[in-house]
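Asker: no letters, just coordinates:
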């Protein structure tokens, strides 16, 4: 008897999600046999073949013919319009036959030196996914998402729209793959199957896998991941989810749930005494007690079953985690404020794990997944990395603490820090105070300038539309990014979301939020809290400008861990070459015929 972990499509194609390696690490410490499968990355490697693109074109042609009057005119018109567009390009069939080489080029370590080739590869990669999706309209797969393009994201959050097509071969792009793959995972009767779902994009892939597993094996199935917590209120009312798909849903800290669930699975604990789960019994749905604090430190990841060569990266970049929670833990918009403890591993333990990963997987790139590493931890870490002469490169989240002076930043750079991701959130001192960020603009500017001068790539996170944010506050953030665009090499921004277990959620009146809006809710978007105003129109316009900036283009093209190997090979002052890559890519979208000239 063992536990099999499955990560379904669609998700990031560049590096492994850490939920499953974390949970496997917990069970491994208990002596449990477990193996994990990233079916998301395996699916993309499976489907991105020329034969499947050709099959998709042939399926699309048959749909257009509609010989048995099976398809709507809307679907036929959509497919015909897009298929005609693809066939306008010269020698498109020859280009399709090159797709097998394209995937290899994207992963090729030497392609750092050929930006045009990389751009061409990315364009054709995206175009191939567009073609592969055509027969399944209105469902569309991309490297970044899976969705029904006819309905809004808010409507898709009602995941019931995916349940109806989990066994529909005309709408479900994952069905054929799951029927092929599931029998090859070594599942046996009596196993515990754990499926991790981080977002709505993965729902159809997960439900499809479950349907196939149910028909083949007598097993227990548990689903977990951050999506469960976002949809908690809906799940507590959804009997069909339990009668047709899963036996358990794991909520909150999965490390607690999976440990105790395995104890139940092996007869050591009653189901009602398993923490952090939802289950169905006697026609009722039950939620057990929620435990949100661990009595242990973060464990090591277990990658048993993973094949890092499948990821669409020039270099493997592996995650490391030092602690649950955040050493600051006071930001009023963040749930680290209330339900996470900060109990970091020792520096020696973290370095030992890095040395083991370097030896086992021949890697030197790492990214810390912590909310932020404390100055105390990262300085000790840097000292010991330098002392041991370990040749690593890493990125991490940091806070704008005054202790990060030029001397310390130089030490961090020497130890391998190449990307620092800073939580600025806003350029307005007033909003920073409302957030309780505990930082000031002057310190942030000094740190960004010092880090840039040393060669550290600065990335910042921004939040717009905080309740009470005025137009003046908003423009302070815009002005900050524009003024320090040399130092801030990339950024990511999003509108404010109010989530449960935060100070703001628990004290809405302090922020002029109507408490009635929070009843029976786990989260609210900005549009749920505030009326759309003239300010919102200006915000949208300014965000569009930001989207066209080099900094946004760099993050969009590469993003976090993707950027790390690139930074290691290009001097920071030349980093806008990545922006040039983005411009090349956009031009090529309108001239796919150039693909035929690339060998």
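Answerer: Perfect, I can see it now. Being a predicted model, the structure only gives us computed values, none of them experimental.

Asker: CA atoms for contacts and neighbours, from now on please.
Answerer: Noted.

Asker: which stretches of the stretch 251-400 of the chain form strands?
Answerer: 277-281, 284-287, 317-320, 365-368, 393-398 (DSSP state E, counting those that start in this stretch).

Asker: columns distance to residue 234 and mean pLDDT on top of those strands, output as TSV?
Answerer: TSV is the format used below for the strands of the stretch 251-400 of the chain (distance: least, Cα to Cα, whole Å; pLDDT from 0 to 100):
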stretch	distance to residue 234	mean pLDDT
strand 277-281	12	96
strand 284-287	12	96
strand 317-320	32	88
strand 365-368	33	92
strand 393-398	33	96
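
Asker: save the ones you listed as CSV, and put in mean neighbour count and distance to residue 564 too.
Answerer: Formatted as CSV, those follow (neighbours: other Cα atoms under 10 Å; distance: least, Cα to Cα, whole Å):
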stretch, mean neighbour count, distance to residue 564
strand 277-281, 21, 37
strand 284-287, 14, 42
strand 317-320, 22, 8
strand 365-368, 21, 7
strand 393-398, 22, 7
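
Asker: domain parsing for this structure?
Answerer: 3-40+181-287, 46-163, 315-587 (automatic domain parsing).

Asker: buried deepest among the ones you listed, which one?
Answerer: For those, the largest average neighbour count (mean count of other Cα atoms under 10 Å) is found in domain 3-40+181-287, namely a mean of 19.

Asker: turn the domains of the chain into TSV, including distance to residue 173.
Answerer: Supplementary listing: the domains of the chain in TSV, determined by distance: least, Cα to Cα, whole Å:
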stretch	distance to residue 173
domain 3-40+181-287	9
domain 46-163	7
domain 315-587	26
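
Asker: weakest of those by average pLDDT?
Answerer: Across these, domain 46-163 has the smallest mean pLDDT, namely a mean of 78.

Asker: measure that one end to end?
Answerer: Chord length of domain 46-163, first to last residue, is 24 Å (Cα to Cα, to the nearest Å).

Asker: out of the strands of the stretch 251-400 of the chain, which is closest to residue 38?
Answerer: Among these, strand 317-320 comes nearest to residue 38, with 14.5 Å by Cα to Cα.

Asker: off-centre distance for that closest one?
Answerer: Centre-to-centre, strand 317-320 and its host chain are 14 Å apart (Cα atoms, centre = their mean, to the nearest Å).

Asker: mind listing the strands that strand pairs with, and their directions?
Answerer: strand 365-368 (parallel) (DSSP bridges).

Asker: circling back to that earlier point, out of the strands of the stretch 251-400 of the chain, nearest to residue 449?
Answerer: Evaluated over the strands of the stretch 251-400 of the chain, closeness to residue 449 peaks at strand 393-398, with 15.0 Å, by Cα to Cα.

Asker: how about residues contacting that closest one?
Answerer: The set of residues external to strand 393-398 that reach it, using Cα atoms under 8 Å, 6 or more residues apart in numbering, is 364-374, 415-423, 561, 564, 568.

Asker: and if we set it to 6 Å?
Answerer: Residues from elsewhere that reach strand 393-398, judged by Cα atoms under 6 Å, 6 or more residues apart in numbering: 365-368, 372-373, 416-422.

Asker: can you say which of the domains of the chain is nearest to residue 305?
Answerer: Nearest to residue 305, of all the domains of the chain, is domain 3-40+181-287, at 5.1 Å by Cα to Cα.

Asker: what's the first helix or strand after the strand or helix carrying residue 482?
Answerer: Taking DSSP states H and E as the criterion, residue 482 maps to helix 471-483. Using DSSP H and E, the next helix or strand after helix 471-483 towards the C-terminus is strand 488-495.

Asker: what lines up beside that next one in the sheet?
Answerer: Here strand 488-495 has these sheet partners by DSSP bridges: strand 457-464 (parallel).

Asker: centre of the chain to the partner strand, how far?
Answerer: Distance of strand 457-464 from the chain centroid (Cα atoms, centre = their mean) equals 17 Å.

Asker: in a markdown table: the strands of the stretch 251-400 of the chain, plus distance to residue 4.
Answerer: A markdown table is the format used below for those (distance: least, Cα to Cα, whole Å):
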| stretch | distance to residue 4 |
| --- | --- |
| strand 277-281 | 18 |
| strand 284-287 | 24 |
| strand 317-320 | 21 |
| strand 365-368 | 26 |
| strand 393-398 | 30 |
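
Asker: rewinding a little: so how far is the helix holding residue 482 from its chain's centroid?
Answerer: In terms of Cα atoms, centre = their mean, the centre of helix 471-483 is found 27 Å from the chain centre.

Asker: contacting residues around that helix?
Answerer: The contact list for helix 471-483, computed with Cα under 6 Å, 6+ apart, reads 426, 427, 428.

Asker: same deal with stretch 195-202?
Answerer: With Cα under 6 Å, 6+ apart as the contact definition, stretch 195-202 has outside contacts at 5, 6, 7, 9, 10, 145, 146, 223, 224, 225, 226, 227.

Asker: now swap in stretch 205-213 and tell me
Answerer: 8, 9, 166, 178.

Asker: just stretch 441-461 next, same as before
Answerer: By Cα under 6 Å, 6+ apart, stretch 441-461 touches 400, 406, 418-425, 487-493, 572.

Asker: tell me the one among the contacts of stretch 195-202 nearest to residue 284.
Answerer: Nearest member of the contacts of stretch 195-202 to residue 284, counting by Cα to Cα, is residue 223, at 18.1 Å.

Asker: and the domains of the chain: which comes nearest residue 303?
Answerer: Among those, the nearest to residue 303 by Cα to Cα is domain 3-40+181-287 (5.5 Å).

Asker: first-to-last residue distance for that closest one?
Answerer: Start to finish, the residues bounding domain 3-40+181-287 are 23 Å apart (Cα to Cα).

Asker: that domain: how far from the chain's middle?
Answerer: Centroid separation for domain 3-40+181-287 versus its chain: 18 Å, with Cα atoms, centre = their mean.

Asker: just checking, residue 421 is part of a helix?
Answerer: No. Counting by DSSP: H, G, I helix; E, B strand; the rest coil, residue 421 is located in no helix; its state is strand.

Asker: and it, what are its bridge partners?
Answerer: The partner residues for residue 421, given DSSP bridges, come to residue 397, residue 459.

Asker: any idea how far residue 380 is from it?
Answerer: 19 Å.

Asker: likewise for residue 167?
Answerer: Using Cα to Cα, residue 167 is found at 53 Å from residue 380.

Asker: the helices in the stretch 301-450 of the chain, which residues?
Answerer: According to DSSP state H, counting those that start in this stretch, the stretch 301-450 of the chain carries its helices in the segments 336-339, 347-361, 375-388, 406-415, 429-435, 441-454.

Asker: want to throw the ones you listed into CSV with distance to residue 71?
Answerer: Listed next are the helices of the stretch 301-450 of the chain as CSV, based on distance: least, Cα to Cα, whole Å:
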stretch, distance to residue 71
helix 336-339, 49
helix 347-361, 49
helix 375-388, 59
helix 406-415, 59
helix 429-435, 52
helix 441-454, 56
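
Asker: if I look at residue 231, how far off is residue 250?
Answerer: Counting by Cα to Cα - residue 231 and residue 250 are separated by 12 Å.

Asker: cool, thanks, talk later.
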